[in-house]
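Engineer: Sequence unavailable; structure follows:
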């Protein structure tokens, strides 16, 4: 059985919630623009010149609709980006430090825009894609047939969580505490992290329910008795502010904090491109690092573009200004985005990668998606293209 990456199905939570309880967004975005952006006619190349080492257009494949979690990517876009509502893409000149880099960037929506296909599969289907959003366990899962290597850690902690009603369970502070209650924990069947929680005895098999379909309906119907998977960057705000049928806070703990420390949706390349595109990656990834830092310094302008793109794509998924602003704050407040234990944003702790490799290999093997023989942590993730001096100022030490 193929284990579906949890983040790839996370958006269904929001889509279903939007369709059930919110007014669907309807926007008339920009029509399909031409690939020829004419950047060379409009801008001069600044101090960072990617034109001699990178493709003319750097294509980035995400796993879902535009969202604040992609803020560092959208910050790469220079003036007057083109929102292609037909292709579900946003493209424009790739800027660094306020100047053009000599190439363009195209950010592609995932999920329904690519038939809910896993990003590694899409990367091997379309050779134009240079970078894709891939989870560590997903990279392990696809290592035999579609190997990818993570080159920039979008998150230091994955935002995956389990949430519950703090009024119903006032003494529950952790997922392990939930395992000592009679709460049903609803999740999307096939989640590798649930196999981990069961194997560690954190949750009991008799209390889990794999029928979660992305809709908040069952959680609401249970009136607070049940717990449910979710995303710390989305559901806490959504349930408290936008789902009037709930309209109160939820409590949660990150799956990361139970001992499953994967890197979620890290920017990744086809493993062969670690060598083939090394010159480009060495100059490009520090630009992504700085773009991420700059986004969190002032997320509002980029969030405006993200919300505009969601409205233009008109997939039925609602994403508001309030959700985007709250997500940017929560990413920092919960340490989901941080420098980790050093001064560098986007780097990988190889011990963590090895731990996920050790945890998931027997699970994936049992499920028929065994990783490549001899797979090592350095095959899954590398820090070789990062600039160690670039990081969030608030987290710097020394």
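Structural biologist: Arrived safely, thanks for sending. Just so it is clear, the structure is predicted and the values come from calculations on it, not from any experiment.
Engineer: and residue 124, backbone torsions?
Structural biologist: Dihedral pair for residue 124: phi -80, psi -20, per degrees, to the nearest 10.
Engineer: per-residue confidence for it?
Structural biologist: pLDDT, residue 124: 98.
Engineer: Going forward, count from 858.
Structural biologist: From this message on, residue numbering opens at 858, which makes the last subject residue 981.
Engineer: Please name the nearest non-neighbouring residue to it.
Structural biologist: Computed as CB to CB, 6 or more residues apart in numbering, the closest residue to residue 981 that is not its neighbour in sequence is residue 1003, at 4.7 Å. To be clear about C-beta, it is placed using only N, CA and C from the backbone, and glycine gets the same treatment.
Engineer: element containing that neighbour?
Structural biologist: If you go by DSSP states H and E, residue 1003 is not part of any helix or strand.
Engineer: isn't it right next to residue 976, touching?
Structural biologist: No - using CB atoms under 8 Å, residue 1003 makes no contact with residue 976, being 9.8 Å away.
Engineer: Mind listing what's buried along stretch 1116-1124?
Structural biologist: Using 16 or more other CB atoms under 10 Å as the test for burial, stretch 1116-1124 gives 1117, 1118, 1119, 1120, 1121, 1122, 1123, 1124.
Engineer: Check the offset of it from the chain's centre.
Structural biologist: Centroid displacement of stretch 1116-1124 relative to its chain, using CA atoms, centre = their mean, to the nearest Å, is 9 Å.
Engineer: Okay, now it: how far is its last residue from its first?
Structural biologist: 22 Å (CA to CA, to the nearest Å).
Engineer: for residue 957, what are its contacts?
Structural biologist: Residues near residue 957 by CB atoms under 8 Å, 6 or more residues apart in numbering: 896, 900, 901, 902, 903, 935, 950, 951.
Engineer: okay, who's weakest in these by pLDDT?
Structural biologist: residue 896 (80).
Engineer: gap between residue 941 and residue 1013?
Structural biologist: Plainly put, residue 941 is 32 Å away from residue 1013 if you go by CB to CB, to the nearest Å.
Engineer: Could you measure from the residue nearest to residue 981 over to residue 991?
Structural biologist: 10 Å.
Engineer: Now do the shared contacts for those two.
Structural biologist: With CB under 8 Å, 6+ apart, residue 1003 and residue 991 have common neighbours residue 977.
Engineer: And those two? Which one has more around it.
Structural biologist: Neighbours were counted for residue 1003 and for residue 991 using other CB atoms under 10 Å; residue 991 has more, 32 against 20.
Engineer: hang on, the more buried one packs against residue 978?
Structural biologist: No - with contact defined as CB under 8 Å, residue 991 does not reach residue 978; the gap is 10.5 Å.
Engineer: which residue is nearest the middle of the chain?
Structural biologist: The chain has residue 1122 as the residue nearest its centroid, 4.1 Å off, counting by CA atoms, centre = their mean.
Engineer: And for it, nearest residue in space, chain neighbours not counted?
Structural biologist: residue 990 (4.0 Å).
Engineer: what's the answer for residue 1036, then?
Structural biologist: residue 1060 (4.6 Å).
Engineer: Wait, a helix at that neighbour?
Structural biologist: No - under DSSP: H, G, I helix; E, B strand; the rest coil, residue 1060 falls outside any helix and is assigned coil.
Engineer: contacting residues around it?
Structural biologist: 1032, 1035, 1036, 1042, 1051, 1054.
Engineer: any idea how far it is from residue 1119?
Structural biologist: Distance of residue 1060 to residue 1119, computed by CB to CB: 18 Å.
Engineer: Give me the residue ranges of this structure where confidence is low.
Structural biologist: Filtered on pLDDT under 70, the chain yields the residue ranges 858-895, 1251-1255.
Engineer: What ranges does it have for its strands?
Structural biologist: If DSSP state E is used as the criterion, the strands of the chain fall at 914-918, 939-941, 946-953, 956-965, 986-991, 1005-1009, 1017-1021, 1042-1043, 1065-1066, 1084-1088, 1108-1111, 1123-1127.
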